[in-house]
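# coordinates for the following, if possible.
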Amino acid sequence: MSTWYVAGDKTAVFNTTTETSLISSTPVVQAIPANEVVVGTSFHFSMLGAYKTTLVPPTLRLRVKLGSTLLLDTTALTPPEANAGDGYFELLGDVSFRTLGAAGSVAAYGHVLFVRGPLAADLSVFRMPLATTPTVDTTTAQTPVVTVQWGTASNDNNITAQYFTIELLGAT
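Next comes the predicted model:
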């Protein structure tokens, strides 16, 4: 297993309802090169960070993509209230290439965990299922992307990715 990417800077998204990347641009995210993967090439990703909401939390949507291809999606979820700014989140997932080519396919599984206090009631886990198998063009370079979209714009609705890694699990 080798670490393929580690984000350098924190990335905060707040006061917007526009889908926005949570991955730092420093250093630049490395694309998966064209024709580089083989069947079975897999990677694991992990994003850790903090979040804060208004007293009545709005919806929040997290998406994981390769290029513009959607791999994982929480759809609109409501995280636990974190008005005091004490929320923590962890996004975990795995992607494995099943077929290759212009219409290549991947299997992708993931979840996001929200914690806002020490009690079990302060913990929420949301799966990130997709109804269809994503089609990924492996003949062109693909850049990993994690985005967030708030349902309501407010300075108090804030999510910050503080750490992000991608680990290559299968040989290329």
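
# please make it C-alpha for all contacts and neighbour counts, starting now.
Will do.

# quick one: secondary structure of T18?
Three-state assignment for T18 (DSSP: H, G, I helix; E, B strand; the rest coil): coil.

# surely F14 touches T152?
No: if you go by Cα atoms under 8 Å, F14 and T152 don't touch, sitting 9.6 Å apart.

# when the two are compared, which one has more neighbours?
Under the criterion of other Cα atoms under 10 Å, the comparison of F14 against T152 puts F14 first, with 22 against 18.

# for the spatially most central residue of the chain, give me its contacts.
When the chain is reduced to its mean C-alpha position, the closest residue under Cα atoms, centre = their mean turns out to be V146, at 3.9 Å. Contacts here follow Cα atoms under 8 Å, 6 or more residues apart in numbering; on that basis V146 touches 21-23, 62-65.

# and it, what helix or strand is that in?
According to DSSP states H and E, V146 maps onto strand 144-150.

# tell me the strands beside that strand, with direction?
As defined by DSSP bridges, the strand partners of strand 144-150 come to strand 20-21 (antiparallel), strand 60-66 (antiparallel).

# ok, back up a step: where's the dip in pLDDT among the contacts of V146?
Lowest pLDDT of the contacts of V146: I23, 83.

# neighbours of it, how many?
Neighbour number of I23 under other Cα under 10 Å is 28.

# in terms of contact, does it touch A161 like I think?
Yes: counting by Cα under 8 Å, I23 does reach A161; the two are 7.1 Å apart.

# give me the common contacts of the two.
Counting by Cα under 8 Å, 6+ apart, the contacts common to I23 and A161 are T11.

# and K65, how many neighbours?
By other Cα under 10 Å, 18 other residues sit near K65.

# could you pull up the residues touching it?
Applying Cα under 8 Å, 6+ apart, the residues near K65 are 71-72, 144-146.

# picking up where we left off before, if I look at the residue nearest to the centre of the chain, how far off is G117?
25 Å (Cα to Cα, to the nearest Å).

# re the thing from before, just give me how far the next helix or strand after the strand holding V146 sits from the chain centre.
Toward the C-terminus, strand 144-150 is succeeded by strand 158-168 as the next helix or strand (DSSP H and E). From the chain centre to the centre of strand 158-168 is a distance of 8 Å (Cα atoms, centre = their mean, to the nearest Å).

# okay, now the unreliable bits of the protein?
1-9, 24-29, 84, 118-121, 171-172 (pLDDT under 70).
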